[in-house]
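Q: Predicted model, plus sequence, below.
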Amino acid sequence: MRGKYYKWIGFLVLLLVLLMGSILAGLCFGEIHFSFRDLFELWNGDPEDVRLNILRQLRVPRILLGLIVGGALSLSGIILQGIFRNPLVEPYTLGISGGASVAVTTAIVFSLPALYGSFMLPVAGFIGALVTIFLVYTLGIKRGKIRIQTLLLTGVMISFISSSLMLLIMSVTKSENLHGIVFWIMGSLNETDPVLITLISVVSLVVLGITFLYTPILNAMRLGSERAIQLGVNAGQAIRVLFLLSSLLTGMCVSIVGVIGFVGLIIPQLMRFIIGSDFRVLIPASFLGGGIFLILSDIFARTIIAPNELPIGVITGIIGGIIFIAVMGSSKTAKTLE
């Protein structure tokens, strides 16, 4: 038993080391490259240096946003996989990203950012996500009880409807709106508003702490809802709280950075493959792993075709798909899914 805990601690320490390495790489690499020595000299040099402003105003916010959003999406994924008892469920399966995308697309078409400011995009996205959460949750309740499969199927159908609405709007809108719509849909970490970054950071860390308190219940629910009830676990209440927390967290992420797929699916799978299925280590490992993955993906997006930038959703889709195929092809994961 003690050896297992040592293994968990060692793995989490390794993730922290990898996270520090990812942060340093994010500061160094970009259209303008910095060495470690440059970073030290700039941080202790002239505060009016343009290169220092690049670090403080552009790269540091991107890295922080990548860490928090990657961790939040991965955390949402591990929560949903726990309550649905299905390792193939991810945050976007429930249609939350679809609802947010429709709302943001509508805001762009009606030129709301130009009229009221750029903050209208995250506001519209969050409202769309909230409406979707309300629909999925309302339709998933029958006679006061949450039906897991109904929640999942409702989310999938809302996702299909949202995709169709998106195509309809894009087919009739002006050509000058298409670039903004497509770039937002494919995700970006360009948001530098300190208020939004602080807000999503605080919310993500609070949800992480609350979720960790539910680890005994999530571990019990691995045996099934009925078995969990026999063990004295209030599965219905836990599912309700965790579903709402993960949905709101996903809605916040989508409203700020757009649609960044695969993070909530790939990282929990990878962590489960490496360290096992115990949520006591799986939750913090998934949060750290998601942050590392998104920071590294953003570095690739910024440097592959520099000075141009690829949407980060393209990178996460390609890298995430390759990792997913590799992990799913292993015998260990195959046994988990059987």
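A: All right, it came through fine.
Q: For the helix or strand containing Phe183, buried residues please.
A: Element membership of Phe183, judged by DSSP states H and E, is helix 175-185. By 16 or more other Cβ atoms under 10 Å, the buried positions in helix 175-185 come out as 177, 180-181, 184-185. To be clear about C-beta, it is placed using only N, CA and C from the backbone, and glycine gets the same treatment.
Q: Equivalent analysis for stretch 273-289, please.
A: Quick answer for stretch 273-289 (16+ other Cβ under 10 Å): 273, 275-277, 279, 281-289.
Q: Export those as TSV, with columns for distance to Lys4.
A: Shown next, in TSV, are the buried residues of stretch 273-289 (distance: Cβ to Cβ, whole Å):
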residue	distance to Lys4
Phe273	17
Ile275	10
Gly276	8
Ser277	13
Phe279	14
Val281	9
Leu282	13
Ile283	16
Pro284	15
Ala285	14
Ser286	18
Phe287	20
Leu288	19
Gly289	19
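Q: From the chain's centroid, how far away is the helix holding Phe183?
A: Distance of helix 175-185 from the chain centroid (Cα atoms, centre = their mean, to the nearest Å) equals 21 Å.
Q: Quick one: residues contacting Phe29.
A: 299, 302-303 (Cβ atoms under 8 Å, 6 or more residues apart in numbering).
Q: just to revisit the earlier point, tell me which residues are up against the helix holding Phe183.
A: 101, 104-105, 108-109, 121, 166, 169-170, 173, 258-259, 311, 313.
Q: Next one, pLDDT for the one residue sitting closest to the centre of the chain please.
A: Central residue of the chain (Cα atoms, centre = their mean): Leu73, 2.1 Å from the mean position. Residue-level confidence at Leu73 comes out at 93, pLDDT.
Q: Tell me both backbone torsions, phi and psi, for it.
A: Backbone torsions for Leu73, taken as degrees, to the nearest 10, come to phi -70, psi -40.
Q: any idea how far it is from Thr303?
A: 22 Å (Cβ to Cβ, to the nearest Å).
Q: how about the nearest residue to Val123, chain neighbours excluded?
A: Among residues not flanking Val123 along the chain, Ser255 sits closest, at 7.4 Å (Cβ to Cβ, 6 or more residues apart in numbering).
Q: what's the helix or strand encompassing that neighbour packed up against?
A: Assigned by DSSP H and E, Ser255 belongs to helix 235-257. Applying 3 or more Cβ pairs under 8 Å, 6 or more residues apart in numbering; DSSP states H and E, we find helix 235-257 packed against helix 60-84, helix 96-109, helix 120-139, strand 145-146, helix 194-213, helix 215-221, helix 225-230.
Q: Please state the offset of the second one from the chain centre?
A: When you say that, I think you mean helix 96-109. 17 Å.
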